[in-house]
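A.B. asks: the amino acid sequence is not available; the structure is as follows:
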């Protein structure tokens with residue numbers, strides 16, 4: 001008789017859980033704010049000159 005296949009739950013099949021990764025990209029919230037402001041300033045300058 002053939003063995004029964006065991007299926008993994010869909011939520012964990014082939015998906016890497018980011019909480020288990022120790023070497024992840026860490027960005028401070030202040031850096032996100034500064035980058036957002038700079039991006040907004042670049043967009044406004046480009047709209048002004050176009």
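C.D. replies: Nice, I can see it. Remember, predicted model here, so these are calculated numbers, not experimental data.

A.B. asks: what does the pLDDT read for residue 28?
C.D. replies: As predicted, residue 28 sits at a pLDDT of 94.

A.B. asks: what about it, how many neighbours?
C.D. replies: 8 (other Cβ atoms under 10 Å). For every residue, glycine as well, the C-beta is placed using N, CA and C.

A.B. asks: the helix or strand encompassing residue 35 packs against which elements?
C.D. replies: Assigned by DSSP states H and E, residue 35 belongs to helix 29-49. Of the remaining helices and strands, none touches helix 29-49 by 3 or more Cβ pairs under 8 Å, 6 or more residues apart in numbering; DSSP states H and E.

A.B. asks: show residues contacting that helix.
C.D. replies: By Cβ atoms under 8 Å, 6 or more residues apart in numbering, no residue outside helix 29-49 reaches it.

A.B. asks: repeat the analysis, applying 10 Å as the threshold.
C.D. replies: 27, 28 (Cβ atoms under 10 Å, 6 or more residues apart in numbering).

A.B. asks: tell me which residues of that helix come out buried.
C.D. replies: Across helix 29-49, burial judged by 16 or more other Cβ atoms under 10 Å covers no residue at all.

A.B. asks: got any ranges where this structure has weak pLDDT?
C.D. replies: Applying pLDDT under 70 to the chain flags residues 1-2, 6-22, 24.

A.B. asks: go again with 90.
C.D. replies: 1-27, 50 (pLDDT under 90).

A.B. asks: residue 27: which element?
C.D. replies: Using DSSP H and E, residue 27 falls within no helix or strand.

A.B. asks: residues contacting it?
C.D. replies: Neighbouring residues of residue 27 by Cβ under 10 Å, 6+ apart: residue 35.
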